[in-house]
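*Asks:* need a structure here:
(one chain, ligands or ions: 1)
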Amino acid sequence: MLTIKCGRCKSKIMRYKKIGPGKVLRCYFPRIKKLFALVEEGKLKCPSCANIIGEKDGDLFKMNSDEFTYSGRKINK
Ligand SMILES: [Zn+2]
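*Replies:* Residues are numbered from 1 along each chain as shown. Modelled structure (predicted):
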């Protein structure tokens, strides 16, 4: 499980079940275990500083890789 945090203020954005070793480019809704961020007008926003972390696209968020950090373990498959 990964904990994704805002790259600007370090607020928690979500807990995410990442499968596979690749970069976190997309976050699929069914794998989001807890969402702390705001979703406004299709944008995934930091709840503290309103930094835009990603953008809703169908059943996933496309992530702005410069705007977040993460810690935790990916699940190998
Ligand atoms: Zn923030």
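*Asks:* what packs against whichever strand or helix holds Met14?
*Replies:* For Met14, the host element (DSSP states H and E) is strand 12-16. In terms of contacts (3 or more Cβ pairs under 8 Å, 6 or more residues apart in numbering; DSSP states H and E), strand 12-16 is packed against strand 2-6, strand 32-35. In short, each C-beta sits where N, CA and C put it, glycine included.
*Asks:* Straight-line length of stretch 38-57, end to end?
*Replies:* Using Cα to Cα, to the nearest Å, the span of stretch 38-57 from its first residue to its last is 15 Å.
*Asks:* same thing with stretch 13-30?
*Replies:* 16 Å.
*Asks:* residues of it that come out buried?
*Replies:* 13-16, 18, 24, 26-27 (16 or more other Cβ atoms under 10 Å).
*Asks:* ok, the residues you listed vs Glu67, which is closest?
*Replies:* Ile13 (9.3 Å; Cβ to Cβ).
*Asks:* correct me, but that closest one touches Ile53?
*Replies:* Yes: counting by Cβ atoms under 8 Å, Ile13 does reach Ile53; the two are 5.5 Å apart.
*Asks:* Find residues that contact each of the two.
*Replies:* 4, 6, 37, 44, 46, 68 (Cβ atoms under 8 Å, 6 or more residues apart in numbering).
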